[in-house]
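Undergrad: Okay, structure incoming, though there's no sequence with it:
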């Protein structure tokens with residue numbers, strides 16, 4: 001699916017049958033990308049599923065991007081715990097039909113990271129997270145649609161800025177795009193390919209984050 005900015009050329013848009021991970025710091029454009037893809041999907045005559053774990057889904061923002069959007073075309077889920085997120089994603093297949101053309105999970109790990117516990121408990125959490133991603137991957141392939149998950153970052157003393165979720169998210173995300181702010185350019189963001197099925201890793205482009213979406 002094309003989004004209408006340099007990302008279309010950088011990564012050939014957002015691929016069908018694929019889970020794409022978009023990660024970055026606060027206000028780098030992750031949610032805006034998800035909302036804009038909902039708008040693009042609406043223009044194609046399709047419905048979207050939006051799983052909002054952070055309270056980031058904004059009808060007002062969507063109307064800025066596309067004033068003609070029909071909210072009946074977007075099914076929004078708002079889990080408030082990791083257990084609720086598990087339930088939503090386990091039952092997601094029941095909501096699927098040929099009208100659904102796009103799924104966003106914004107973000108995949110915000111509720112997951114709130115869970116503490118012992119080594120065994122964290123291992124179980126990773127297993128549940130992997131099961132959720134497996135379900136999303138199956139749905140993406142079975143219905144020939146793009147799935148986009150957003151992710152957060154943390155500071156790793158050895159590796160610098162690192163996305164959360166570790167190897168579990170990296171394995172199931174067949175395309176990974178990192179977003180960054182460009183301090184010297186107000187509103188400008190940088191997108192870099194971290195992982196791709198056929199595009200060159202490390203390639204990047206700049207886009208502008210505006211009231212009407214990304215351009």
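TA: That came in fine, so what should we check first? On a predicted model such as this, the values are computed, not experimentally measured, just so you know.

Undergrad: in the protein, which spans are strands?
TA: For the chain, the strands defined by DSSP state E cover 18-24, 47-52, 74-77, 100-106, 146-151, 153-156, 160-163, 175-181, 188-195, 204-210, 213-214.

Undergrad: What are the contacting residues of the shortest one?
TA: Right, strand 213-214. Contacts with strand 213-214, where a contact means C-beta atoms under 8 Å, 6 or more residues apart in numbering, come from 3-5, 7, 29, 32-33, 35-36, 39, 64-65, 189, 207-208. All C-beta atoms are positioned from the backbone trio N, CA, C, and that covers glycine.

Undergrad: quick one: average confidence on that strand?
TA: For strand 213-214, the mean per-residue pLDDT is 93.

Undergrad: partners of that strand in the sheet?
TA: Strand pairing for strand 213-214, using DSSP bridges, gives strand 204-210 (antiparallel).

Undergrad: and the strand it pairs with, average pLDDT?
TA: Strand 204-210 shows a mean pLDDT of 95.

Undergrad: if I look at the residue nearest the centre of the chain, how far off is residue 208?
TA: Closest to where the C-alpha atoms of the chain average out (C-alpha atoms, centre = their mean) is residue 149, at 2.5 Å. Distance from residue 149 to residue 208, counting by C-beta to C-beta, to the nearest Å: 24 Å.

Undergrad: Pass me the low-pLDDT residue ranges in the chain, would you?
TA: Counting by pLDDT under 70, the chain contains low-confidence ranges at 115-119, 156-160.

Undergrad: what bridges to the spatially closest residue to residue 38 that is not a sequence neighbour?
TA: Nearest non-adjacent residue to residue 38, counting by C-beta to C-beta, 6 or more residues apart in numbering: residue 48, 4.4 Å away. Bridge pairing for residue 48 (DSSP bridges) gives the partners residue 74, residue 102.
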